[in-house]
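>>> Please find the sequence and the predicted model below.
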Amino acid sequence: MDLRRQQRFPVHFQSVLSGQPRGESVGTIMNLSKSGCRVKTASQGYSGMQVTLRFVVAGETLPICIERAAVRWSREGELGVGFITVASPHQERLGQLLERLKQGLPG
């Protein structure tokens, strides 16, 4: 039984996670929702760790930035990341992206 409140969409976006104490690390967002994502990365993370997340959407020049997020789980090269704070312009772009994905359009 899946208790997620937000629909998740399979994606493949290059991302950069940054946070103390590890600095920046690259990864690939594997699924995305309004409230979080799953990131494939070689970097280690731990539950509760605060991060900033940036990811690039094909056809867009500026990345979408999640100012504050928290690692919810970590296993086998993947992190579950929950979004905490997303600034207004980025929240708008994220919403538009999710709407396109919902309609079956490319991200």
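Received, thanks.

>>> which residue is nearest the middle of the protein?
residue 37 (4.2 Å; Cα atoms, centre = their mean).

>>> How about that one: what's its closest non-neighbour residue?
residue 29 (4.9 Å; Cβ to Cβ, 6 or more residues apart in numbering). All C-beta spots, glycine's among them, are computed from the backbone N, C-alpha and C.

>>> isn't that neighbour right up against residue 12?
Yes. Using Cβ atoms under 8 Å, residue 29 makes contact with residue 12 at a distance of 7.4 Å.

>>> quick one, which of these two is more surrounded?
Higher neighbour count among residue 29 and residue 12: residue 29, with 23 against 11, using other Cβ atoms under 10 Å.

>>> in the sheet, who's paired with the more buried one?
residue 13, residue 39 (DSSP bridges).

>>> Surely the residue nearest to the centre of the chain is in contact with residue 81?
Yes. In this structure residue 37 lies within contact range of residue 81 using Cβ under 8 Å: 5.4 Å.

>>> joint contacts of those two?
Taking Cβ atoms under 8 Å, 6 or more residues apart in numbering as the contact rule, residue 37 and residue 81 both touch residue 53.

>>> where do the helices sit along this structure?
Assigned by DSSP state H, the chain shows helices spanning 88-102.

>>> Verify the contact between residue 15 and residue 51 for me.
No. Assessed by Cβ under 8 Å, residue 15 is found out of contact with residue 51, at 10.3 Å.

>>> what stretches of the protein score poorly on pLDDT?
1-5, 20-22, 107 (pLDDT under 70).

>>> Which stretches in the chain count as strands?
9-19, 23-32, 36-40, 50-55, 64-75, 78-85 (DSSP state E).
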